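In: Return a 3D structure for these sequence lines:
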Amino acid sequence: MTESAPATDRGSADGRRPTFRRVLLKLSGEALLGERSYGVDPAFCAFIAKQLAEVRSNGVEIGVVVGGGNIFRGLAASARGMDRATADYIGMLGTVMNGLALQDALERTGVQTRVMSAIAMNEIAEPYIRRRAVRHLEKGRVVIFVAGTGNPYFTTDTAAALRAIEIGADVLLKATKVDGVYDADPMQQPDATRFDHLEYADLLRDQLKVMDGAAVSLCMENDLPIVVFDLNRPDNIARVVAGDPVGTLISGPATEPLGGGRS
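Out: This is a model prediction of the structure:
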C-alpha cells in the first residue's frame with residue numbers, strides 16, 4: 001500500500017471541529033468477538049475500522065490498545081492453577097493477534113496503520129518506542145499498541161492508561177458493551193442508574209468495575225479524562241471525539257460533562 005499524506009483537519013460531519021486532537025481508544029478483546037463465541041469477527045473489525053477511518057479523516061490522531069480476552073485471559077487461567085506470569089504472557093500474545101486483525105481491517109479502509117509491541121517480535125510488529133509512536137501519530141497513522149505493558153500482573157486497561165499518558169493523548173476512550181458507568185450491572189438490574197460524570201475517586205471508592213485501580217490511579221495522577229461509552233452503536237466513536245455527551249465522563253472535580261448533559 002502506498003503511503004498517504006496525513007489527513008487534514010476537515011471538522012466533523014456536521015461541520016464542528018473535534019473536541020479532542022489526539023485520543024487513545026481502549027478495545028477489549030471481547031469486543032472483537034462480534035457474533036462469535038471465540039476468536040475475531042472480521043465483520044466487527046471492519047465496523048470499528050470504518051468509524052476510526054472517519055475520525056482520522058477529521059484530523060484526529062488515534063492510538064489503540066487492544067485486549068486479548070477473546071483468545072486467552074491470563075487471570076482466569078491463573079485461577080485454574082497456571083502460573084500467573086506465564087498466563088499473562090500468553091494473554092499478551094493474544095493481544096498481538098487482535099492487533100494484527102484490526103490493522104488489516106483499518107488498512108482495507110485506506111488508513112495507514114502501525115502495530116507496536118511491548119514484546120519484541122520484529123517480523124510482525126515494530127518495537128514500542130515512545131518517540132517513534134508519537135511520530136507515527138503526527139504523520140496521520142493509526143498506532144495499535146499490543147502486548148500490554150510487556151509485564152505480567154498488569155492489565156491492558158493499565159497499558160491503555162500508560163500509553164495514553166506517554167503519547168500525550170487528550171482523552172482515554174474506554175469502549176464497552178453498555179452506554180456508560182452504572183451503579184450496578186445494568187444487564188442484571190434494569191433499574192440501575194447511569195452516571196453522566198464521575199470523579200476518579202468515585203470509581204476507586206465505590207469499586208465500580210469499569211477499569212482496574214492501577215489504570216484509574218494513573219489517569220487521576222496525570223489528569224487524563226476517561227470516557228466510557230457503548231462501542232456497538234454506529235458513529236459513537238466520532239460522537240465522543242466531537243464532544244457529544246455520550247456515555248460517562250470520568251475526570252477531576254472541576255470538569256463538566258461533555259456537551260453539558262445526559263446523552
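In: And the closest residue to residue 186 other than its chain neighbours, what's its pLDDT?
Out: Closest residue to residue 186 apart from its sequence neighbours, by Cβ to Cβ, 6 or more residues apart in numbering: residue 192 at 4.5 Å. Every C-beta, even on glycine, is put in place using the N, C-alpha and C of the backbone. Among the per-residue scores, residue 192 shows a pLDDT of 88.
In: before we move on, which element is residue 192 in?
Out: Residue 192 is part of no helix or strand when elements are defined by DSSP states H and E.
In: and the gap between it and residue 247?
Out: 15 Å (Cβ to Cβ, to the nearest Å).
In: More neighbours: those two, which one.
Out: Applying other Cβ atoms under 10 Å to residue 192 and residue 247 shows that residue 247 carries more neighbours, namely 30 against 14.
In: In contact with the spatially closest residue to the more buried one that is not a sequence neighbour, which residues?
Out: Nearest residue to residue 247, sequence neighbours excluded (Cβ to Cβ, 6+ apart): residue 229, at 3.1 Å. By Cβ atoms under 8 Å, 6 or more residues apart in numbering, the contact list for residue 229 reads 173-176, 179-180, 236, 240, 246-248.
In: switch the cut-off to 10 Å
Out: Contacts for residue 229 (Cβ atoms under 10 Å, 6 or more residues apart in numbering) come out as 173-176, 178-181, 236-237, 239-240, 244, 246-249, 263.
In: out of the residues you listed, which are buried?
Out: Among these, those classed as buried by 16 or more other Cβ atoms under 10 Å are 173-176, 178-181, 236-237, 239-240, 244, 246-249, 263.
In: In stretch 113-124, which residues are buried?
Out: Buried, per 16+ other Cβ under 10 Å, within stretch 113-124: 113-119.
In: Mind putting those residues into CSV with distance to residue 144 and pLDDT?
Out: Output for the buried residues of stretch 113-124, formatted as CSV (distance: Cβ to Cβ, whole Å; pLDDT from 0 to 100):
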residue, distance to residue 144, pLDDT
113, 6, 98
114, 7, 98
115, 5, 98
116, 7, 98
117, 9, 98
118, 12, 98
119, 14, 97
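In: hey, what's the residue nearest to residue 247 bridged with?
Out: residue 175 (DSSP bridges).
In: How about residue 66?
Out: Bridge pairing for residue 66 - DSSP bridges - gives residue 27.
In: what number of residues lie near it?
Out: Using other Cβ under 10 Å, residue 66 has 31 other residues around it.
In: Run through the residues that contact it.
Out: 25-29, 31-32, 48, 94-103, 115, 144-146, 148, 156, 159-160.
In: could you redo the last one with a cut-off of 7 Å?
Out: Listed by Cβ atoms under 7 Å, 6 or more residues apart in numbering, the contact set of residue 66 reads 27, 29, 95, 98-99, 102, 144, 146.
In: what's the distance between residue 17 and residue 171?
Out: In terms of Cβ to Cβ, residue 17 sits 15 Å off from residue 171.
In: The two: which is more packed in?
Out: When residue 17 and residue 171 are compared for neighbours, residue 171 comes out ahead with 23 against 14, by other Cβ under 10 Å.
In: contacting residues around the lengthiest helix in the chain?
Out: Using DSSP state H, we find that the single longest helix of the chain is helix 84-108. Identification of contacts with helix 84-108 by Cβ under 7 Å, 6+ apart yields 1, 29, 32, 40, 42, 45-46, 48-49, 52-53, 64, 66-68, 70-74, 77-78, 113, 115, 117, 119, 121, 124-125, 142, 144, 146-148, 152-153, 156.
In: Weed out the non-buried ones from those residues.
Out: If you count burial by 16+ other Cβ under 10 Å, the buried members of the contacts of helix 84-108 come out as 29, 32, 40, 42, 45-46, 48-49, 52-53, 64, 66-68, 70-74, 77-78, 113, 115, 117, 119, 125, 142, 144, 146-148, 152, 156.
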